[in-house]
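[1] what follows is a protein structure lacking sequence information:
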Ligand SMILES: Nc1ncnc2c1ncn2[C@@H]1O[C@H](COP(=O)(O)OP(=O)(O)OP(=O)(O)O)[C@@H](O)[C@H]1O
């Protein structure tokens, strides 16, 4: 079971919808949400994470609807989200910031504190955990964001362009990490880079101008042609 969107519409401006009555069920396992800049990936993930409220439709996970106040807390505990922009909280150390995020998600203070150290270790940021978070570099801030998303061991982890700003060695570490997380969580990762496609992902969803243009297994996607040209043809409307 994973997250699904039912008839979700969203726009930032009047008369201009980014998503128009979108229906989408993310499959279980690890999925890649692929789409060019501006396709609506961040908007979709923001809605799936309940950070954005859709104008129409609703999100469902295990029968929980985050629009309903009685479901919201449990939904947000079950679903973690790493947004594209990670903001350091002034005055907090890296470990304090990650622990704070865990506490907001319902962990007890002691658990949040120890889980923060574990998740910083997992993203190879343990040596910087006593630094102030605003002192981190761009790539380090992304890794702290990743630790924030992992701290409470959610059932579903949504990640918005998590590999942006990571160097090749860190991308390799990231792949290993996703493998570990996928043993106990569903993972959905957005990207516009076809280089991110690998056997790590069981399924691929291609979003273009707010529409799902392809949904299937990674093998099916790669089998259609080589990945790059298939993706280009998909987003340019040839398929
Ligand atoms: N805060 C905002 N205010 C106004 N328009 C926005 C806002 N955020 C996104 N948009 C618009 O909504 C559309 C979809 O944006 P979104 O960020 O969801 O796409 P994306 O696929 O995540 O793109 P990228 O790969 O560049 O991050 C774009 O046309 C964008 O300009």
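    Received it, and whenever you're ready, just let me know what you need. As the structure is a prediction and not an experimental result, all values here were calculated from the model.

[2] what stretches of the protein score poorly on pLDDT?
    1, 195-196, 225-228, 230, 233-239 (pLDDT under 70).

[3] got the residues of it near the ligand?
    Contact residues, the chain versus the ligand (Cβ under 6 Å from any ligand atom): 12, 18, 35, 37, 38, 39, 40, 41, 42, 43, 84, 192. The way it works is simple: take the backbone N, C-alpha and C, and place the C-beta from them, glycine included.

[4] change it to 5 Å
    By Cβ under 5 Å from any ligand atom, the residues of the chain that approach the ligand are 12, 18, 35, 37, 38, 39, 40, 41, 42, 43, 192.

[5] just these now: which is nearest residue 131?
    residue 42 (27.8 Å; Cβ to Cβ).

[6] helix, strand or coil: sort out the residue nearest the centre of the chain for me.
    Central residue of the chain (Cα atoms, centre = their mean): residue 159, 1.7 Å from the mean position. Put simply, residue 159 is strand when judged by DSSP: H, G, I helix; E, B strand; the rest coil.

[7] identify the bridge partners of it.
    Note on residue 159: beta-bridge partners by DSSP bridges are residue 82, residue 189.

[8] that one against residue 187, yeah?
    Yes. Counting by Cβ atoms under 8 Å, residue 187 is a contact partner of residue 159 at 7.0 Å.

[9] now do the closest residue in space to residue 167 that isn't next to it in sequence against the ligand, distance only.
    Leaving aside its chain neighbours, residue 167 sits nearest to residue 139 (6.7 Å; criterion: Cβ to Cβ, 6 or more residues apart in numbering). Distance, residue 139 to the ligand, using Cβ to the nearest ligand atom, to the nearest Å: 17 Å.

[10] pretty sure residue 139 is in a helix, no?
    Yes. Residue 139 sits within a helix when classified using three-state DSSP.

[11] got the contact list for it?
    165, 166, 167, 170 (Cβ atoms under 8 Å, 6 or more residues apart in numbering).

[12] out of the residues you listed, the closest to the ligand would be?
    Distances from the ligand to these, taken as Cβ to the nearest ligand atom, are shortest for residue 165 (13.0 Å).

[13] residue contacts, the closest one?
    138, 139, 142.

[14] okay, and the last one sits in which element?
    Which is residue 142. Here residue 142 sits within helix 138-150, counting by DSSP states H and E.

[15] what's the helix or strand harbouring residue 23 packed up against?
    Following DSSP H and E, one finds residue 23 within strand 19-25. On a contact count with 3 or more Cβ pairs under 8 Å, 6 or more residues apart in numbering; DSSP states H and E, strand 19-25 meets strand 4-10, helix 41-48, strand 56-60, strand 211-217.

[16] what's the next helix or strand after the third one in contact with?
    It refers to strand 56-60. Following strand 56-60 in sequence order, the next helix or strand is helix 69-78 (DSSP H and E). Outside of helix 69-78, the residues within contact range by Cβ under 8 Å, 6+ apart are 49-50, 59, 61-62, 64-66, 105-106, 152, 154-156.

[17] and the angle from the strand holding residue 23 to strand 4-10?
    170 degrees (axes from the mean of the first three to the mean of the last three Cα atoms, to 10 degrees).

[18] please begin residue numbering at 5 from this point
    New numbering, starting at 5: the last item is strand 23-29.

[19] surely residue 96 touches residue 104?
    Yes. Counting by Cβ under 8 Å, residue 104 is a contact partner of residue 96 at 6.6 Å.

[20] what residues are up against residue 148?
    Counting by Cβ under 8 Å, 6+ apart, residue 148 makes contact with 90, 92, 98, 101, 102, 124, 127, 129, 137, 140.

[21] appreciated, that's everything.
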